[in-house]
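**Student:** sequence-free structure coming up:
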């Protein structure tokens, strides 16, 4: 008996645990129909790494971007579409199979122009269906693939050049060969863990001859070193089995990055651009004997500037004397490299050039600001206006309606633009508010003032949006003070408690109480102040490159607590998390309290001061600049005395930013190198958001408080918005245990403005607007597969207004209602009428949503509210609604009348055919005469259209009034009265014909045994 009792107790415990098992939604189940939308911009576009043309079809062009994926044009570069959105967005090389270029495409990921802010790749991909589907083909740890070459006769033979890791040692470098179409790979040229392959070039006339430039390099968070004794140019004539240096004519000493190209029309001619120790020996070298010997031709600035960033040389496929070198502005030679001139006016920083295969005067140029086209050999340039691959570092939002998004862009200044705009967010909607590399742009909480900056706090502008005047306001070194160290991406912050308060960070925290007019330092040096990491003047290696991008031991993030202005958090790029509780009088370094698995000096990329507790904050640390690709995100509730990790193995890629929800403390949004991750349980489980959201590097995340929109600044796809994430707040275990649960819906504002928009051409990018529709959000415990399921909107009396197609997926479903019911059914006629496409808008109020799921019925309610900014009175709205309903009803009654007329006419023709002309002729004549006053029966809807009759006049007046909100004008009311009179006359005329003429015809039909006239009911007619 005792054993049985124990067993029963154990069973009870097991059952209880099973009942309490946590329900976890993932992926599509969690996010349902929430979708991201992209607003660009594209007018300043972003960095382009690689351009690839189709070998026989000059209309097909591919673009590989620094952080925005792969784009394809099928119309000669007029417009582009993305084809790589499900994969890593940082691209190194795109290559087409020479035998099957329409179907087989290879993409090597990882940006190869190795500035400090480059994104990383994760391998090699292949498509066999023109870019619809992709398969990973290895090189998971390559980080950066620079080259892909394919044997033109046997495409199973391939070569891949791997530049490799930028920030750490890496075995996966060098030149690799496959003889089975990429299934397996052998390393055929390898130097060491610090030397990667910058280029692999195949001789276009001899596929066994290969050239490979090897480059020794390393970047850290505080320095860059290009060049060494291991950098070299190699040649193989046996398909990669053996390699030899081809330096005859090159200077002695260390070499840096080497650009190399083989002339397609004469493969004895090679060009190379060398980075050398001797400044006089740098520049362009030419070989006319396939690399046996080299001659130094030119050392123009445009050829030698920043070789790590500009290492691409391209030769005209038809003329070996025409050479183009990527560079600050781009250089072109038409005399075999002896002299160069600049390319046409376009964005600076040129990375790749593509000649059209049929016309060498037609070229494509990839820059830091997108793709440009030229039709005259580079003299004039035109930007491709629909590549939204802009690279934001930081973004912020204001509280305007619609709200604006502010942010700074890589090499494209600082901008702001609306989150939505009539016709979509166009190029003309964006406004520039800074130059150079743009970073943070912050709006003053209550004044029309913006703060913006360029790299290294070289300039910090206070911009008056009304007067369009600027003043530089950055803190400057003063007497007796140490030189200020500003990060390349210098931190700024504004105070919510004191609107004129403005913070900036160098190695100190600076505070201004007058919008940057005067500054005070309110901290000691908050960094490690490691002098060994402060030698930026020596950065660059063989070529000095002191751009300020390597400034280190600096403050990087600042966060004032929204609950207590005296609590301020500061994070530094050398690993310190500092906090003050007394407005800067004393500081505590909390770094030692981080978990032991965090490496020392890991960059503190972002601190988020919480609204849920004065001592609560989140810290995101980022170690990729030491080769550490792990995500680090921590939470404290005690001012940093303890930090708890909130990341899991579900997160792929290092993290840069975190945003908390202002309502639900467990709802968090994490921006990573490979997209956005969301948790609804405080970090226990994370899910990547992929609904119209590529795995692009998310550098910053903000939450718009009024709209509940997540706004992301991405480094490659511009600004991406997820509208209204509030449904995610309501996900609890109680909700997830239900079969069906409706989440609360925010009232939908009836949009009364109707400004004109949509001026962009089809070749320009237009950002999508958010929806103003009512959202009906609900959870299904199981996917609905069998049985009936429908949804309808009803008024308070239960009358059905419209039907909606419900989502049937397991998890979160979102359907919308635009506040409209079906447009009126118009009488059949030959003329076109907008009234037949104009739906009447339901007035403000509460409406029932009824969902029938099998035998069960579930209800919720939604609310429409009038625009609070509207100056339209309730009396005006009521007058509008009354006129709309009157015209709507008249239009449908007229449609029913014409239907009846047509039915009678059809029967009358039948009677006439049966010898009843005497009774039918009068009916036919009088009904046709009447019908011609009701609907247009002739014409073509265009220049031969007839004068509109009653149907058209009713519909036109209806569409005018129904499209607005104001009361009908006096003229419209007079017109309505006239149309009512015409309608009543038509009804009376029809009634007369029905009562006086039709009975005689019906009597004839009865005598002949013909079927009598039968009409559908009005409801049946309207619903068909």
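**Tutor:** Alright, I've got the coordinates. Not measured: the values here are computed from a predicted model.

**Student:** Just give me the longest strand of this structure.
**Tutor:** strand 206-219 (DSSP state E).

**Student:** which other residues reach the helix or strand following that strand?
**Tutor:** Later in the chain than strand 206-219, the nearest helix or strand by DSSP states H and E is strand 224-226. With contact meaning C-beta atoms under 8 Å, 6 or more residues apart in numbering, strand 224-226 is reached by 116, 215-219, 256-257, 275, 307-308, 539-543, 545, 550. From N, CA and C alone the C-beta is placed, and that goes for glycine too.

**Student:** Next step: those restricted to strands.
**Tutor:** Those of the contacts of strand 224-226 lying in strands (DSSP E): 215-219, 256-257, 275, 540-541.

**Student:** Same list (the residues you listed) but as CSV, adding pLDDT.
**Tutor:** As requested, those are exported to CSV (pLDDT from 0 to 100):
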residue, pLDDT
215, 98
216, 98
217, 98
218, 97
219, 96
256, 98
257, 98
275, 97
540, 93
541, 94
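
**Student:** mind checking the SS state of residue 728?
**Tutor:** At residue 728 the chain is in helix, as set by DSSP: H, G, I helix; E, B strand; the rest coil.

**Student:** from now on call the first residue 654
**Tutor:** Okay, residue one is now 654; in that scheme the one you just asked about reads as residue 1381.

**Student:** tell me the SS of residue 1551?
**Tutor:** Applying three-state DSSP: residue 1551 is helix.

**Student:** What separation is there between the closest residue in space to it that isn't next to it in sequence and residue 1196?
**Tutor:** Leaving out its chain neighbours, the residue that sits closest to residue 1551 by C-beta to C-beta, 6 or more residues apart in numbering is residue 1480, at 3.8 Å. To residue 1196, residue 1480 is 79 Å away according to C-beta to C-beta, to the nearest Å.

**Student:** Pick out whichever of these two has more residues nearby.
**Tutor:** Ranked by neighbour count (other C-beta atoms under 10 Å), residue 1480 and residue 1196 place residue 1480 first, with 27 against 20.

**Student:** Now the phi/psi pair for the more buried one, please.
**Tutor:** phi -60, psi 150 (degrees, to the nearest 10).

**Student:** Over to the one 10 residues further on?
**Tutor:** Torsion angles at residue 1490 (phi, psi; degrees, to the nearest 10) stand at phi -120, psi 10.

**Student:** Might you report the residue contacts of the residue lying closest to it once chain neighbours are set aside?
**Tutor:** What sits nearest to residue 1490 in space, not counting adjacent residues and going by C-beta to C-beta, 6+ apart, is residue 1476, at 5.8 Å. Residues in contact with residue 1476 (C-beta under 8 Å, 6+ apart) are 1488-1493.

**Student:** hmm, which of those residues are the buried ones?
**Tutor:** 1488-1489, 1491, 1493 (16 or more other C-beta atoms under 10 Å).

**Student:** just so I have it, where are all the strands in the stretch 1004-1153 of the chain?
**Tutor:** Taking DSSP state E, counting those that start in this stretch as the test, the strands found in the stretch 1004-1153 of the chain are 1016-1020, 1023-1027, 1035-1036, 1045-1050, 1057-1062, 1067-1071, 1084-1087, 1091-1096, 1102-1107, 1113-1117, 1122-1125, 1145-1147.

**Student:** Nearest to residue 1362, out of those?
**Tutor:** strand 1045-1050 (8.0 Å; C-beta to C-beta).

**Student:** what sits up against that closest one?
**Tutor:** Outside strand 1045-1050, the residues touching it (C-beta under 8 Å, 6+ apart) are 770, 1056-1063, 1072, 1090-1096, 1142, 1352-1353, 1355, 1357, 1364-1368, 1371-1372.

**Student:** rerun at 7 Å
**Tutor:** Applying C-beta atoms under 7 Å, 6 or more residues apart in numbering, the contact partners of strand 1045-1050 are 1056-1063, 1092-1096, 1142, 1352-1353, 1355, 1357, 1364, 1366-1368, 1371-1372.

**Student:** Could you do stretch 1573-1582 as well?
**Tutor:** With C-beta under 7 Å, 6+ apart, stretch 1573-1582 has contacts from 1554, 1557-1558, 1561, 1564-1565, 1646, 1650-1651, 1654.

**Student:** Among the residues you listed, which one lies nearest to residue 1608?
**Tutor:** residue 1554 (17.7 Å).

**Student:** Residue 1574: neighbour count?
**Tutor:** Counted with other C-beta under 10 Å, residue 1574 comes out at 15.

**Student:** Remind me which helix or strand it belongs to.
**Tutor:** helix 1570-1587.

**Student:** residue ranges of the helices in the protein, please?
**Tutor:** Ranges of helices within the chain are 655-672, 681-684, 954-957, 1386-1389, 1527-1566, 1570-1587, 1603-1615, 1623-1645, 1651-1661, 1671-1676, based on DSSP state H.

**Student:** Summarise which helices and strands the last one is packed against.
**Tutor:** When contacts are defined as 3 or more C-beta pairs under 7 Å, 6 or more residues apart in numbering; DSSP states H and E, helix 1671-1676 sits against helix 1527-1566.

**Student:** now the fifth one
**Tutor:** The contact analysis (3+ C-beta pairs under 7 Å, 6+ apart) places helix 1527-1566 against helix 1570-1587, helix 1603-1615, helix 1623-1645, helix 1651-1661, helix 1671-1676.

**Student:** got it, and the second one?
**Tutor:** For helix 681-684, the elements it packs on are strand 1464-1470, judged by 3+ C-beta pairs under 7 Å, 6+ apart.

**Student:** Tell me which residues of the strand it packs on come out buried.
**Tutor:** 1464-1470.

**Student:** any idea how far it is from the chain center?
**Tutor:** 22 Å (C-alpha atoms, centre = their mean, to the nearest Å).

**Student:** for stretch 1514-1532, same thing?
**Tutor:** That offset, for stretch 1514-1532, works out to 34 Å (C-alpha atoms, centre = their mean).

**Student:** Can you get me the start-to-end distance on it?
**Tutor:** 26 Å (C-alpha to C-alpha, to the nearest Å).

**Student:** just stretch 763-772 next, same as before
**Tutor:** 7 Å.
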